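*Asks:* here is a sequence with its predicted model. Questions after.
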Amino acid sequence: MIGIVDYGRGNLRSVEKALEKVGFEATIMASPAELSTVNGLILPGVGAFADAMQALEQGGWIEPLTQFARSGRPFLGICLGMQILFEIGEEHGEHTGLGLLTGRVVKFPPGRKVPHMGWNSLRLEQPSHLLEGIPNESYFYFVHSYYAEPGEKKDIVATSDYGVVFPAVVGKDNVWGAQFHPEKSSPWGLQILTNFGKWVNEDETLSSHRS
Ligand SMILES: NC(=O)CC[C@H](N)C(=O)O
């Protein structure tokens with residue numbers, strides 16, 4: 001079972017529907033107490049960095065999400081949900097993120113229209129389970145004005161180019177993020193959700209972290 005974190009800032013239904021479409025059961029979770037019942041987690045997000053972190057804090061999510069990431073179970077952040085995986089966000093001042101990945105989230109430099117909105121292609125930087133079967137240069141749907149600058153280059157799995165080459169997919173161990181919206185990026189976004197769902201089903205860390 002895949003949990004979708006409901007902290008009042010997400011495109012929850014579209015993520016749930018997309019997962020169902022590709023044959024995976026998902027549950028929208030309004031409380032961190034439910035984290036013990038899921039084998040994989042999706043953190044969606046729409047809006048501003050600090051506001052999302054505040055909403056997570058108010059909902060009592062921060063420590064439980066950190067524990068979940070430590071448990072080794074698959075964790076995927078989408079769009080703003082990916083950005084807040086990092087240590088610092090520069091949207092409207094500097095704000096602390098979840099710090100599950102090292103690095104910061106910065107604004108696109110002047111000279112291009114923001115938000116970067118619409119379809120853009122992906123360049124695969126390294127092989128990964130999450131992007132298995134995704135051809136190089138396939139298109140995904142983006143809406144964002146900020147992008148991640150990971151502290152570790154090896155966490156960059158795929159990039160896109162919007163005048164500046166930025167990470168479109170990041171990942172380290174079990175913690176992954178997509179700057180685009182896989183749930184709105186048929187057909188290849190659905191392939192990514194399929195890969196994630198398969199990974200969740202194959203993962204066996206839940207039983208050892210259930211206590
Ligand atoms: N679409 C969004 O919610 C954007 C997330 C973030 N505020 C950004 O601009 O990058």
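*Replies:* Received, thanks.

*Asks:* please enumerate the strands of this protein.
*Replies:* 2-5, 26-29, 40-43, 75-78, 88-89, 95-96, 103-107, 116-121, 123-124, 139-144, 146-150, 156-161, 165-172, 175-178 (DSSP state E).

*Asks:* save these as CSV, and put in distance to the ligand and mean neighbour count too.
*Replies:* C-beta: built from backbone N, CA, C; applies to glycine. Formatted as CSV, the strands of the chain follow (distance: least, C-beta to the nearest ligand atom, whole Å; neighbours: other C-beta atoms under 10 Å):
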stretch, distance to the ligand, mean neighbour count
strand 2-5, 15, 25
strand 26-29, 18, 18
strand 40-43, 13, 28
strand 75-78, 10, 28
strand 88-89, 8, 20
strand 95-96, 11, 16
strand 103-107, 7, 19
strand 116-121, 8, 14
strand 123-124, 20, 15
strand 139-144, 3, 20
strand 146-150, 4, 21
strand 156-161, 13, 20
strand 165-172, 10, 23
strand 175-178, 12, 28
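
*Asks:* got a list of what the spatially most central residue of the chain touches?
*Replies:* Centroid-nearest residue in the chain, with C-alpha atoms, centre = their mean: Gly77, separated by 1.7 Å. Contacts for Gly77 were tallied using C-beta atoms under 8 Å, 6 or more residues apart in numbering; they are 42-43, 45, 83-85, 175-178.

*Asks:* tell me what the nearest residue to it once chain neighbours are set aside is bridged to.
*Replies:* Leaving out its chain neighbours, the residue that sits closest to Gly77 by C-beta to C-beta, 6 or more residues apart in numbering is Gly177, at 4.0 Å. Beta-bridge partners for Gly177, by DSSP bridges, are Gly77, Val170.

*Asks:* for Gly177, which residues are in contact?
*Replies:* Applying C-beta under 8 Å, 6+ apart, the residues contacting Gly177 are 76-78, 81-83, 85, 101, 148, 169-171.

*Asks:* ok, it to Tyr147 distance?
*Replies:* Gly177 is 11 Å from Tyr147, where distance means C-beta to C-beta, to the nearest Å.

*Asks:* my guess is Ala69 contacts Leu76, does it?
*Replies:* No. If you go by C-beta atoms under 8 Å, Ala69 and Leu76 don't touch, sitting 11.0 Å apart.

*Asks:* quick one: contacts of the lengthiest helix in the chain?
*Replies:* Ranked by number of residues, the top helix in the chain under DSSP state H is helix 188-202. The contact list for helix 188-202 (C-beta under 8 Å, 6+ apart) reads 2, 18-19, 21-24, 39-40, 42, 73-74, 76, 122, 129-135, 138-141, 176, 178, 180-183, 185.
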